[in-house]
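Q: prediction below, plus the sequence it came from.
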Amino acid sequence: MTFDIGDDFFRDPQGRTNANATVTVNAGQTVGWRHIGANVHTVTSVSGPEAFNSGNMNNGQTFTFTPTMAGTYTFRCDFHPAVMLGS
């Protein structure tokens, strides 16, 4: 499961963006984010059983997270928290 990160969106594999961008994974399954935009972004957990943070990401970079605990994980971009949010 991989999300794309654009200049103002997270997009899930089904094409849904931002607050509608959602995937379901099992504990131990890896989730990825691929930066395809021009602006710097982050993938930072907001809530969930485990915290994660990609640090600053630029075009072409990827970040992966493999949860070890089941639950709902919400994430955002630290630079654009009001717009770029997913789970």
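A: Right, received. Where do you want to start? All of these numbers come straight from a predicted model, not from anything done at the bench.
Q: for the closest residue in space to V43 that isn't next to it in sequence, give me its contacts.
A: Distances taken as C-beta to C-beta, 6 or more residues apart in numbering place S54 nearest to V43, at 4.1 Å, with adjacent residues excluded. Heads up, the C-betas are built off the backbone N, CA and C, glycines and all. By C-beta atoms under 8 Å, 6 or more residues apart in numbering, the residues touching S54 are W33, T42, V43, T44, F63.
Q: now do the phi/psi pair for S54.
A: S54 adopts backbone torsions of phi -80, psi -20, taken as degrees, to the nearest 10.
Q: and the residue lying closest to N26 once chain neighbours are set aside, how many neighbours?
A: Counting by C-beta to C-beta, 6+ apart, A70 is the residue found nearest to N26 once chain neighbours are left out, at 7.4 Å. Here the number of neighbours of A70 (other C-beta atoms under 10 Å) works out to 12.
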